[in-house]
Structures are given as C-alpha cells and as structure tokens.
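S.K.: starting from these lines, generate the structure:
(one chain, ligands or ions: 1)
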Amino acid sequence: MEDLTPQRIVEKLDKYIVGQEDAKKSVAIAMRNRYRRKKLDDDLRDEVIPKNILMIGPTGVGKTEIARRLAKLAQAPFSKVEVTKFTEAGYVGRDVESMIRDLVQTAIRMVEQEKRAEVEEKAEQLAKEKLLDILLPQPKKSSNPFEGLFSDDEEEINEEETDRDQRFKKHREKLAQKLEAGELDDRIVEIEVEDNNSQMVEIFSGSGVEELGVNFEDMFGGMMPNSKKTRKVKVEEAEEILKDQEAKKLIDMDEVHREAIHRVEQSGIIFLDEIDKISGGQSNSNPEVSREGVQRDILPIVEGSTVNTKYGSVKTDHILFIAAGAFHVSDPTDLIPELQGRFPLRVELNNLSKENFKEILTEPENALTKQYTALLATEGLEIEFTTTAIDEIASIAFKVNEQTENIGARRLHTIVEKLLEDVSFEAPDMGEDKVQIDREYVKDKLDDVVQDKDLSKYIL
Ligand SMILES: Nc1ncnc2c1ncn2[C@@H]1O[C@H](COP(=O)(O)OP(=O)(O)OP(=O)(O)O)[C@@H](O)[C@H]1O
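M.R.: Next up is the predicted model:
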C-alpha cells in the first residue's frame, strides 16, 4: 500500500481504462486517504470521516471497471450491488446487510486461494501418497497367536516380514514412478468423497425462502453434517480430489475467516450501483418500499456500524463505498442529506467519443482485439486488425449507440462478436491461416445489420 501513491494508482488504472481522468484521480485520492487515515492516532482517526465517492455518468463508460480495477490493484475485497434490488418485491426485510455478507464471502475466497497456494505443494505430495495407498494397500501384518512361545519360529516370521516389507516398498516406488509419468491416469480407483447432503439443500433453497428474510445458509451452514460416500473415478481425477481434500485439511479455516473479516474491515470496497434510482419518492415496483426507506436502511452501513455474519461481526467504518448512477432524471441532491454527506467526493464520467472507442478497442491490456486475437491463435489462426478496420468498428459502435440505445463501450463487445462470428465458427477447420480484417471486411459483415435499425437493435 505504501507504494500505491495516487499517481501510481492512476498510472495503473490507465492500463485498463481509457479517458475518465477525473474519476481515476478521485478513486486514487480516496484510496490514499484511507491509508493515511489508518496511520492516525486512534482519537483523531475516529474524527476523520472516510471519503466515499459518488460517480455520475451514463451506462457503460467505465464506472464499475474503475472501481473493480482499483480493488484488484489494492488486493482489496470488492463487491458490486445494484441497490434497486432492495426496492423489489420479495425484499420485504430489505436485507441491506447482505452486501456486507457478500463482501465477507468474497474476502474468504480471496484468503482461501492465497492459503491454498501456500499449501499447494504439500497437498500434492500428500495426495500422491494417499493415492498410492489406495492403488497398493499396505499388506496387513500377520498376527502370530504363538508370539513369545517359539523363539525360533518368530525369527523366521520376522525375516519373512522384512522381506515382504522390502518387496512392498519396491512395488510402491515403481508405482509412484508410473503415477508421476501419468501412466496410471486412466485406471479406476475408489475414493471417499464428501456427500454434500443434497436433500437438505434442496428443501431450503426452494422458492419463498428469500421472502422470509431468513438466511438459511447462515443458520445451518455450519451445522449440516457432511457424510461420506465412495466414488469410482479415474486416477487423474482422484488425484485432484485428494489434493483438494488434503489442502482443506492443511488450511485453518478459522484463521481464514478471521483474516477475511480483517480485510473487509480494513480495505473492503463496495460498489453501490444505480444509486440514482433510489433517490426521490416511491418505488414503482413495490409501493410498500419507499426509495427513501432504502436510503435510510443503507445509511447506517455507510456511516459505520457493526454487522453480524456467521463468521463474526464486521465493523463497516473503514469500508470504502463507491456509489454510481446516471442521474438522468434525478440529481444527487435528491438523495437524503445524510447520505449525500457520506459521499463528498463527486466525479462525473464523460460519454465516450469515437476516438475513445478506437483506443478502447486496441490500447488496454485486456483490449477486445487483443482478446480475440489470442483466442483464435489457440486454433492456429492469426487475425490482424488494420487501423481502417478499427476506425470503422468505432464508427459503427458510435452510430448504433446513437440510433438505438446508448450503452457506451458495451456496444463494442456485441459488434466485435458479430464481426468475428464467421471466423470464430470456422477457425478450427481453417488450419494454419491468416485473416486480415480491414475496413471492407467490417463493412461486408456489418453494413446490412447497421442499416436495418430493427435488426441492429437485436443483434448489435
Ligand atoms: N473508459 C473505458 N475504458 C476501457 N473500457 C471501458 C471503458 N468504459 C467502459 N469500458 C468497458 O465497457 C464495459 C462496461 O463498462 P462498466 O461496467 O464500467 O460500465 P458502467 O459505467 O459501470 O455502467 P453501469 O452503470 O451500467 O454498470 C466493460 O467491459 C469495460 O471494460
């Protein structure tokens, strides 16, 4: 965190997000402020209210992407929630605290993955030993009813056993070599696996449960007995299953839970999408739930409170909240004042231009053209986009956004997918080949659809 200065954060975000400089700067400052706040004395720290961010901008211009990337580079647990879901029918209890529980789950997965990487090697070794035990069971030691009575015989028996032990050891070594070489991969073995008690899960996941406002998973998650059953599987699969089982044994889940909660409290980021849709009057979908009511429910979580989860209580004081909305029909000032006060950093994101589209198509590390080029290269097909093609794709995306609905950069996904439909379909049968995608190619594939407004509504 020390090295993640605001400037450094922006540089890193630049690798993925085109334009939106103000938004990148704001999140970078918010991130750094959180770090600064943590360094303050306890008394003063409590006085400094965390600076949450409100992103204002149309759909598909990079709001979520900025927040998600920020979380990734800070290795912070991240979760996105559409706040409008709390106004929907079914959310009578308006379980807004579920957003914290979701974040904890994400953090648990993160920490578990890290711990897993640490024990990976050991688990693999143990799984191999287990598999060898199954493939070649240890011979039972013969019981000797006359033990101690005839000393001569005993000596003979001992010799026999040493002999047999040595033979067994040799066999095991040979088998280990074969296992290593993958020669036993197709052999079938029987292993014990956990039976996840499917019946219980089915009963509780039936419809209507959410309406009860009760989280059965929380209530019963830890109590469901995990019975064992045996399964016949190929050695290859058995190795994976056993590795998984051994890794689980090596990981202290209590520690994982503690660490996960710590991370949520210290560095968690929650993205509250569609915040504009809960500002002002009554909700359309459910007259019982007023939008203002939902804002009031969210407020304590954003202000800092303690939420109970099955893994322990979570203090939300230092969680960074990034709210986002288009605010086409409402204004941030339509939010209740207390909530407005909790989002002092306001930033506007711009509509994307055709030039932005061109950059988005080619520049980011995960740019669409790079993704498709890599995907098709796995089939031995080399595709190359000329600059005229990029220009044409960007123009089309811009035009379709104008003609139908403006969905921002998301339009590029559908257009490129349609453009490459034929090559994607034929690639495996084309053999080693090279396809150049230029302006003519783009026009040839897309012009018909673009001209027909109705068609482009559905396809692009
Ligand atoms: N400025 C940008 N630079 C690079 N990619 C972008 C940009 N804006 C959008 N994208 C891409 O478009 C897609 C949608 O963007 P994103 O999820 O950030 O939209 P959003 O602004 O959060 O919209 P919504 O409010 O509807 O969720 C993502 O795949 C993202 O990578």
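S.K.: residue in the stretch 151-300 of the chain nearest to the ligand?
M.R.: Nearest to the ligand, among the residues of the stretch 151-300 of the chain, is residue 273, at 5.5 Å (CB to the nearest ligand atom). In short, each C-beta sits where N, CA and C put it, glycine included.
S.K.: quick check: bridge partners of that residue?
M.R.: Beta-bridge pairing for residue 273 (DSSP bridges): residue 82.
S.K.: surely it meets residue 68?
M.R.: No: with contact defined as CB atoms under 8 Å, residue 273 and residue 68 do not form a contacting pair (11.5 Å).
S.K.: looking at those two, which one has more neighbours?
M.R.: residue 273 (21 against 18; other CB atoms under 10 Å).
S.K.: joint contacts of residue 273 and residue 68?
M.R.: residue 80 (CB atoms under 8 Å, 6 or more residues apart in numbering).
S.K.: around the ligand, pick out the residues from the stretch 201-350 of the chain.
M.R.: Applying CB under 6 Å from any ligand atom, we find that the stretch 201-350 of the chain lies next to the ligand at 273, 324.
S.K.: now do the helices in the stretch 201-350 of the chain.
M.R.: 216-220, 235-250, 253-267, 291-303, 337-341 (DSSP state H, counting those that start in this stretch).
S.K.: by mean pLDDT, show me the worst of the ones you listed.
M.R.: Among these, helix 216-220 has the lowest mean pLDDT, at a mean of 52.
S.K.: how many residues are close by residue 9?
M.R.: Counted with other CB under 10 Å, residue 9 comes out at 23.
S.K.: for the helix or strand containing it, packing partners?
M.R.: With secondary structure defined by DSSP states H and E, residue 9 is part of helix 6-14. Judged by 3 or more CB pairs under 8 Å, 6 or more residues apart in numbering; DSSP states H and E, helix 6-14 is in contact with helix 21-38, helix 63-73.
S.K.: quick revisit: out of the helices of the stretch 201-350 of the chain, which is closest to residue 359?
M.R.: Closest to residue 359 of the helices of the stretch 201-350 of the chain is helix 253-267 (CB to CB; 30.5 Å).
S.K.: angle of that closest one against helix 21-38?
M.R.: Angle, helix 253-267 to helix 21-38, by axes from the mean of the first three to the mean of the last three CA atoms, to 10 degrees: 120 degrees.
S.K.: and among the helices and strands packed on helix 6-14, the most buried is which?
M.R.: helix 63-73 (a mean of 21; mean count of other CB atoms under 10 Å).
S.K.: with adjacent residues omitted, what lies nearest to residue 19?
M.R.: Excluding the flanking residues, the one nearest residue 19 by CB to CB, 6 or more residues apart in numbering is residue 356, at 5.3 Å.
S.K.: from residue 269, how far out is that neighbour?
M.R.: Counting by CB to CB, to the nearest Å, the separation of residue 356 from residue 269 is 25 Å.
S.K.: and the strands in this structure, which stretches?
M.R.: Here the chain has its strands, by DSSP state E, at 53-56, 78-82, 188-195, 227-234, 269-273, 306-309, 312-315, 320-325, 345-348, 381-385, 433-437.
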